[in-house]
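Participant: sequence and predicted structure are below.
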Amino acid sequence: MRIATKLNVGILAVFVASVLANFLVLQATIKPQFESIEIQASRANHKRVLDALESLQAKIRTSTQDWGFWDDTYSFATGEAVDTYVQSNLIDPKNAMDGLAIDTLIFFDTKGSVLWGKAIDLSTKEDIASIVDDLKAFNYIHPYLQGSGQAVAHSGLVRTSRGLMLMASAPILKSDRTGVPMGTVVMGSFLNETAVQELTGVKFQLNADLEKIPGSTDGLTLRQRAHAIETTSLILDISRAPLARLVAETPRDVTVAATAALRSATWLSIAAAAAVIAALWLLVNSIVVAPVMALQKHFERASYKGQLRQTAAQYANDEIGHLAKSFNHMTEQVNHLRDALADTAYLAGISEWAAGSLHNVRNGLSPINVAAWRTQSLFEQPWLNNMKAAVEQISDKETSPNRRDKLVEFIVGKTPLLLDCADQARKISQEIMSASKSVEEIASGYSKFSRREMELEPLELLPIVENVARATMGSLAPKVELTLPTGSAVIVGNKTLIRQILGNILTNSVEAMNGEFEGKAIRVDLRPNPDAADSVRVSVSDNGEGILPEHLKQIFERGFSTRGHKIGGLGLHWCANAAKEMGGTLHAESQGRGTGTTLVLNLPTTIQKRNVVEEAA
């Protein structure tokens, strides 16, 4: 694809991404803020309705309390001065109730019988006898008469045959709130939902069908609809029993306005982004695309003629201009670069040796890292935190003796776990020391290798195999079944190199299992080499993923790897060279994918002629 096409596609992608990002930012940041404002408003509206209902109740409650805590009412309830009380206060109940803004006034004795009662529709001034019967059937007696001890007025909602009523009651006591209660004064006013809606400016309804209204039985429930937010809460009657659900509706005017504003902002941002992108495209085309295409044509001509020539075109003093100048300078340096190839080859050899050193040091550090992780996990047990808390409580002077004894008993009970934890930590530290010593040996060995001072000596092979196998498998795959040789052999080699070769082979075997260790096994065998009398064969076999026949030799080449996600392929390449340096060989055996792999290391039992480390065949 041409660079001009790539730039056009890139600029278009940036434009689309900027528009999409702007839209998502607006939707993710601005719109939720408007929604939050609407939710707060809906909560406030719901509370406004509840406050209005409470205000109406408070007004009736105050009037009821004034009549209930009145000596004249007390005398009336006891049967004294009944006519006088009626003549003074109840002879014209319509006017009296109209002045109190109530629809119902009833006096009950202590047994719930009506001493006097009246219900009037204030709008028509007609008697509503059924309301008195409703409240009498409701059989409401003020809690004070039932032993609550609270000489205050009580208010709430009740359901009557004519609808919901705001009701308040007070015990009949003397003006100083003393004396034996002689009954209950009840006042009521029909709930005018239309008036409350006009007062609060909130549209609501009181739904009596409790089963069909969603939401919990207490608290506030919100339900967002397309054009409004519904808030629902439970309304209790005067006896604190469920009466109805208050469902308030708040229009989503803010969201409508916000949506329109966001739509306008989105289109404006698209227009602005389009203008910026167009200007950017013109600028890039003149500064980058045109000069690059001119330089490309010069390269094509030079390639066609097979001869590097300096470009005569004039370029600006920028990166493209510097690129043209660098190309001109490069044509003068070709011969010098040929002379530098020898130095480059030498540096490549040093780089390969350094990479191999770092690869093996990293393998040596792997057991240390795993052991450190195991140590950290060992001391992150919840019971250790509990012991620490117990010790702190024991040290606290305010801890009671009984609590202290229990804490001591807990610590003593956990002591075996603590001792076991310390023993495991000691064993892990020994593993770390052993692995650290191996890394030191690696570093020391490479120091000698760099000076061609590698020492070959007779070595007992079995202890080296056991030490490397247990250290490597214990850190990488402790659940894999490991089978070690029962016999041993004496070979001539370098202990550090052999440890690193075996460590690399075992690490590759574990990686060939792809992290699935269930039912996996690794077997290490020692036996004489049937193809060479002065050689010992060390084989490491696994039942991992296996190797394709065409890759059996390629795996020892530098940079080759059978796992696409892994970069390098340095380990086996280095191992093969190291084996060759000691006079031995390394090769692989496998029947293909899914059949497992066996890596065979042949080591000499006598001193071999020293070889210079070179590329493995």
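Facilitator: Looks like it came in fine. Numbers count the residues shown, from 1 in each chain.
Participant: where does the stretch 451-600 of the chain have low pLDDT?
Facilitator: Along the stretch 451-600 of the chain, the model assigns pLDDT under 70 to residues 451-454, 475, 562-570.
Participant: now for the helix or strand harbouring residue 575, which elements pack on it?
Facilitator: Per DSSP states H and E, residue 575 falls inside helix 571-581. Where contact means 3 or more CB pairs under 8 Å, 6 or more residues apart in numbering; DSSP states H and E, helix 571-581 is packed against helix 341-378, helix 495-511, strand 585-589, strand 597-604. Using the backbone N, CA and C atoms, a C-beta is placed for each residue, glycine as well.
Participant: quick one: the helix or strand following the longest one to chain centroid distance?
Facilitator: Just to be clear, that refers to helix 341-378. Downstream of helix 341-378, the next assigned helix or strand under DSSP H and E is helix 382-395. Mean-position distance between helix 382-395 and its chain equals 30 Å (CA atoms, centre = their mean, to the nearest Å).
Participant: got a list of contacts for helix 382-395?
Facilitator: Contact partners of helix 382-395, identified using CB atoms under 8 Å, 6 or more residues apart in numbering, comprise 399, 403, 404, 407, 408, 410, 411, 414, 417, 418, 421.
Participant: out of these, the closest to residue 468 would be?
Facilitator: Residue 468 lies nearest to residue 421 out of these, by CB to CB, at 27.7 Å.
Participant: who touches the closest residue to residue 473 other than its chain neighbours in this structure?
Facilitator: Of all residues not flanking residue 473 in the chain, residue 482 sits nearest, at 5.1 Å (CB to CB, 6 or more residues apart in numbering). With contact taken as CB under 8 Å, 6+ apart, residue 482 is in contact with 469, 470, 473, 521, 522, 523, 524.
Participant: now those: which count as buried?
Facilitator: Burial by neighbour count, 16 or more other CB atoms under 10 Å: within the contacts of residue 482 this picks out 469, 470, 473, 521, 522, 523, 524.
Participant: is it fair to say the last one lies in a strand?
Facilitator: Right, residue 524. Yes: the assignment for residue 524 (DSSP: H, G, I helix; E, B strand; the rest coil) places it in a strand.
Participant: ok, back up a step: and the two most separated of the buried ones among the contacts of residue 482?
Facilitator: 470 and 521 (15.2 Å).
Participant: just the CA atoms of the helix or strand containing residue 170, as CSV, please.
Facilitator: Assigned by DSSP H and E, residue 170 belongs to strand 163-171. Extracted in CSV, the C-alpha atoms of strand 163-171 (Å, rounded to 0.1, in the frame of the first residue of the first chain):
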residue,chain,number,x,y,z
GLY,A,163,-61.7,7.5,50.1
LEU,A,164,-58.5,8.3,52.0
MET,A,165,-58.8,10.5,55.0
LEU,A,166,-56.1,12.4,57.0
MET,A,167,-56.9,11.5,60.6
ALA,A,168,-55.6,12.6,64.0
SER,A,169,-56.5,11.5,67.5
ALA,A,170,-55.7,12.6,71.0
PRO,A,171,-56.5,11.2,74.4
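Participant: just checking: what are the partner strands of that strand?
Facilitator: The sheet places strand 163-171 alongside strand 154-160 (antiparallel), strand 184-190 (antiparallel), with pairing taken from DSSP bridges.
Participant: need the winner for burial among those strands.
Facilitator: Of all those, strand 184-190 has the most neighbours on average by mean count of other CB atoms under 10 Å, namely a mean of 26.
Participant: and the contacts of it?
Facilitator: With CB under 8 Å, 6+ apart as the test, strand 184-190 has contacts from 56, 60, 63-64, 67-68, 73, 100-108, 119, 131, 135, 140-142, 145, 158, 162-172.
Participant: pLDDT of it, averaged?
Facilitator: Averaged across strand 184-190, pLDDT comes to 94.
Participant: that one: how far from the chain's middle?
Facilitator: 57 Å.
Participant: which residues touch residue 317?
Facilitator: The contact partners of residue 317, taken as CB under 8 Å, 6+ apart, number zero.
Participant: which SS state does it fall under?
Facilitator: Going by three-state DSSP, the secondary structure assigned to residue 317 is coil.
Participant: now the end-to-end length of stretch 88-102.
Facilitator: 18 Å (CA to CA, to the nearest Å).
Participant: list the buried residues in that stretch.
Facilitator: Of all the residues in stretch 88-102, those buried under the rule 16+ other CB under 10 Å are 89, 90, 93, 96, 97, 100, 102.
Participant: which among these gets closest to residue 44?
Facilitator: The closest of the buried residues of stretch 88-102 to residue 44 turns out to be residue 102 (CB to CB; 29.7 Å).
Participant: need the helices for the stretch 101-250 of the chain, in chain order.
Facilitator: Using DSSP state H, counting those that start in this stretch, the helices of the stretch 101-250 of the chain run over 129-138, 193-200.
Participant: nearest to residue 39, out of the ones you listed?
Facilitator: helix 193-200 (18.0 Å).
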